[in-house]
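1. take a look and give me a structure for this.
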Amino acid sequence: MSIFNASRILGKTVLVTGASAGIGAATALLFAKGGSNVILVARRAEAVKIVADACAAAFEASGLKEGGRFAAVQLDVSDKAQVASFWDKVPQDLRNVDILVNNAGFVLGVDQVGNIKDEDIEAMFATNVLGLISVTQLLLKDFKVKQSGHVINLGSIAGREAYAGGSIYTATKHAVHAFTASMMRELVNTPIRVTEIQPGMVETEFSIVRFRGDAGAAKKVYDGLEPLTATDIAEEIVWAAARPPHVNIAEVLVLPVNQASTTVNYRKPKDKTNEIPSFSSNGVGNVKSS
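-> This next block holds a predicted model:
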């Protein structure tokens with residue numbers, strides 16, 4: 001018997017950014033299974049349409065009678081003009097959003113300070129920080145008018161602790177953490193809830209994007225341990241959204257069992273008889289100590 005009460009998300013309308021893959025897609029799918037309406041937002045139109053179709057199928061299989069409306073919207077959150085005209089792309093019956101999941105974000109490269117390309121810096125900040133802020137401001141105006149709503153931002157363990165080779169990404173996630181914490185304090189006299197989910201190592205397209213399509217390099221990041229999955233994080237997001245209205249899950253730090261920080265994790269040795277277990281960094285997988 002399930003003890004996870006998802007009745008509070010039934011019929012709610014959820015907007016998920018970065019919904020074409022990974023955590024965003026898994027989150028949209030889980031909300032669909034719980035009887036929510038979902039607006040799926042992403043830059044890749046074809047990919048997000050496939051996820052929206054999967055949401056519709058999952059809702060149909062659930063047997064639920066409430067909710068089940070889905071819209072796939074092509075949107076680059078880093079483009080202010082696109083964000084400003086966002087509602088023009090959303091069906092009228094989905095414009096009353098209850099829950100915003102700011103998931104869109106990425107990392108590029110492992111270059112260290114002094115060697116980082118300006119375009120990489122600007123791209124990460126434009127999406128991870130400025131895009132998140134733009135979408136939040138768009139939705140929060142409505143939340144304040146109706147005195148209800150929930151903003152769920154995808155932070156990272158990198159927003160709590162920096163690591164070498166990730167200066168720009170960690171800076172963007174520190175910014176997300178500060179923005180989220182300030183917003184929660186500003187809204188303390190309202191019923192609007194604010195949550196930050198902070199994942200550790202999650203195996204999605206994240207590392208493939210970081211290594212610019214090099215799947216082999218991305219795979220090495222997770223060698224020797226079992227990372228989190230997109231569904232693991234989606235479950236935390238939906239769980240936070242399904243709490244009673246007077247309960248606000250402010251922060252959730254989620255790690256695989258063999259990760260303790262951005263730079264401390266345990267990887268099982270390949271030769272269990274001869275090799276001493278080591279502790280290594282998670283970021284790019286190239287720092288070891290024992």
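2. contacts and neighbour counts: CA atoms only from here.
-> Fine.
3. now Gln198, what's its secondary structure?
-> Here Gln198 is recorded as strand under DSSP: H, G, I helix; E, B strand; the rest coil.
4. quick one, longest helix in the protein?
-> If you go by DSSP state H, the chain has its longest helix at helix 167-186.
5. what about it, distance to the chain center?
-> When C-alpha coordinates are averaged (C-alpha atoms, centre = their mean, to the nearest Å), helix 167-186 and its chain have centres 14 Å apart.
6. pull out the buried positions in that helix.
-> 167-177, 180-181, 183-184 (16 or more other C-alpha atoms under 10 Å).
7. and stretch 143-151, by the same measure?
-> The neighbour-count check on stretch 143-151 (16+ other C-alpha under 10 Å) flags Phe143, Ser148, Gly149, His150, Val151 as buried.
8. can you name the residues that contact the third one?
-> The one in question is Gly149. By C-alpha atoms under 8 Å, 6 or more residues apart in numbering, Gly149 lies in contact with Val97, Asp98, Ile99, Leu100, Phe143, Pro191, Ile192, Arg193.
9. run the last query once more with 7 Å
-> Asp98, Ile99, Phe143, Ile192, Arg193 (C-alpha atoms under 7 Å, 6 or more residues apart in numbering).
10. low pLDDT regions in the chain?
-> Low-confidence segments of the chain (pLDDT under 70): 1-3, 271-290.
11. near Ala26, how many other residues are there?
-> 22 (other C-alpha atoms under 10 Å).
12. what's the answer for Glu60, then?
-> Neighbours around Glu60, by other C-alpha under 10 Å: 15.
13. could you pull out the strands in the stretch 151-290 of the chain for me?
-> Applying DSSP state E, counting those that start in this stretch to the stretch 151-290 of the chain gives strands spanning 193-199, 251-254, 265-267, 278-280, 288-289.
14. before we move on, the earlier item: distance to Asn265 for the contacts of Gly149 - can I get that in JSON lines?
-> What follows is the contacts of Gly149, written out as JSON lines (distance: C-alpha to C-alpha, whole Å):
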{"residue": "Asp98", "distance to Asn265": "37"}
{"residue": "Ile99", "distance to Asn265": "34"}
{"residue": "Phe143", "distance to Asn265": "40"}
{"residue": "Ile192", "distance to Asn265": "36"}
{"residue": "Arg193", "distance to Asn265": "33"}
